[in-house]
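1. sharing a model prediction with you, sequence too.
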Amino acid sequence: NKNGYDYEKCKETADWLLAQTTLRPLVAVVCGSGLGGLGDSLKDAVAFNYQDIPNFPQSTVHGHAGRLVFGKLKGRPCVCMQGRFHLYEGYPIQKITAPMRIFKLLGVKTVILTNAAGGLNEKYKVGDVMIIKDHINMPGFAGCNPLMGPNDERFGTRFPCMSDAYDRELRQLARHVGDELGFGDFMHEGVYCVLGGPSFETIAECRMLRRLGADAVGMSTVHEAIVARHCGLRVFALSLITNQAVMDYDSEEKANHQEVLQTGKVRSEQLASLVSTMVMSMKHDSGDMLDGMCGQ
Ligand SMILES: O=P(O)(O)O[C@H]1O[C@H](CO)[C@@H](O)[C@H]1O
Ligand SMILES: Nc1nc2[nH]cnc2c(=O)[nH]1
């Protein structure tokens with residue numbers, strides 16, 4: 001399409017990556033702000049800087065390293081984006097979501113999207129984890145959807161369904177694994193609302209979003225989930241509540257990116273064990289998971 005992120009371009013990038021490594025990941029993980037530590041837990045890792053990958057966008061946000069890491073999580077081959085792209089960085093929406101199509105062409109079946117988000121639900125505390133069960137796509141209401149433009153049927157249908165965007169089985173698995181690991185006290189399931197950013201929300205906006213049914217607010221993930229679902233990937237997503245949205249005119253609290261990154265550090269290890277245990281327990285088509293090594 002006009003932004004140059006068509007099938008051929010994604011294929012060129014996927015083929016380049018496939019030629020660089022023998023790992024054949026079935027799971028891709030996208031690390032949110034300050035959550036890049038997830039990628040550091042990959043074993044036998046091979047990492048590529050985004051600037052060295054053909055057609056790949058560059059990370060411009062602090063807390064997003066800009067590396068694509070191939071490696072194993074609990075023995076399962078994975079690929080991990082340490083750094084994602086956001087609308088507010090000025091990239092076309094098709095470009096920030098192109099990695100989902102590249103993953104598909106690498107042979108990935110499931111994507112795990114993570115983000116840092118502001119808590120709108122009054123029950124949520126800083127440091128809580130929210131399994132995303134649904135989203136509200138505010139930019140989409142204003143005509144900003146990553147699937148705008150000509151539809152390439154090789155990826156998926158013109159009008160994809162979104163009522164099943166966040167895989168029910170994987171949400172169940174996350175709750176189960178969370179309980180087993182003793183994380184039950186700080187895990188929730190809720191609705192994530194995406195805004196364009198980069199300014200944080202006003203008090204009136206937070207109040208409005210809460211009334212509309214959102215539990216957490218951020219500036220990412222939804223575009224990726226839409227493109228991933230369009231091309232038939234299974235999606236699991238979670239938010240780390242890094243700050244509480246300010247709802248009260250008397251409050252002295254101010255949302256800021258430093259606090260977001262700081263909270264990421266606090267939960268880094270627990271998130272890594274949640275994600276790696278989920279990956280270990282995931283079922284893919286028979287044979288898929290055997291080893292994940294090319295030619296074996
Ligand atoms: O969604 P991730 O990439 O985790 O980042 C979140 O944190 C940043 C704001 O601190 C925004 O980019 C918001 O989207
Ligand atoms: N929009 C938005 N994004 C965030 N990312 C982390 N915290 C927040 C927040 O409060 N609002």
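-> Sure thing, it's come through. Small disclaimer: the values here were computed from a predicted structure and weren't measured. Ligands and ions are numbered 1, 2, ... in the order given.
2. which strand residues bridge the residue sitting nearest the centre point of the chain?
-> Residue closest to the mean C-alpha point of the chain, counted by Cα atoms, centre = their mean, is Leu113 at 2.2 Å. For Leu113, the beta-bridge partners under DSSP bridges are Val30, Ala237.
3. looks like it contacts Arg234 (just checking).
-> No - counting by Cβ atoms under 8 Å, Leu113 stays clear of Arg234, with 11.2 Å between them. Every residue, glycine included, has its C-beta placed from N, CA and C.
4. so where's the stretch 101-250 of the chain uncertain?
-> For the stretch 101-250 of the chain, no stretch is flagged by pLDDT under 70.
5. residue numbers of it in contact with ligand 1?
-> Asn115, Ala116, Gly197, Gly218, Met219, Ser220 (Cβ under 6 Å from any ligand atom).
6. ok, for Lys9, nearest residue in space, not its chain neighbours?
-> Residue nearest to Lys9 in three dimensions, not counting chain neighbours: Asn55, with 5.2 Å by Cβ to Cβ, 6 or more residues apart in numbering.
7. so what's the residue count around that neighbour?
-> 17 (other Cβ atoms under 10 Å).
8. distance check, it against ligand 2.
-> Applying Cβ to the nearest ligand atom, to the nearest Å, the value for Asn55 to ligand 2 is 27 Å.
9. Val27 too?
-> 24 Å.
10. dihedrals phi and psi, that residue?
-> phi -130, psi 130 (degrees, to the nearest 10).
11. bridging residues for the nearest residue in space to Ile136 that is not next to it in sequence?
-> Nearest non-adjacent residue to Ile136, counting by Cβ to Cβ, 6+ apart: Cys193, 4.2 Å away. For Cys193, the beta-bridge partners under DSSP bridges are Ile136, Val217.
12. quick check, Cys193 in contact with His135.
-> Yes - using Cβ under 8 Å, Cys193 is in contact with His135, at 7.0 Å.
13. might one say that the residue nearest to Lys9 is in contact with Ala14?
-> No - under the criterion of Cβ under 8 Å, Asn55 makes no contact with Ala14, lying 9.9 Å away.
14. number of nearby residues for the residue in the stretch 1-150 of the chain that ligand 2 sits nearest to?
-> With Cβ to the nearest ligand atom, the shortest gap between the stretch 1-150 of the chain and ligand 2 falls at Gly118, namely 2.1 Å. For Gly118, the count of nearby residues is 26 (other Cβ under 10 Å).
15. check contacts around the nearest residue to it once chain neighbours are set aside.
-> In space, and not counting its chain neighbours, Gly118 is closest to Ala245: 4.2 Å by Cβ to Cβ, 6+ apart. Shown in contact with Ala245 (Cβ atoms under 8 Å, 6 or more residues apart in numbering): Gly118, Gly119, Leu120, Glu201, Cys206, Leu209, Arg210, Val217, Ala255.
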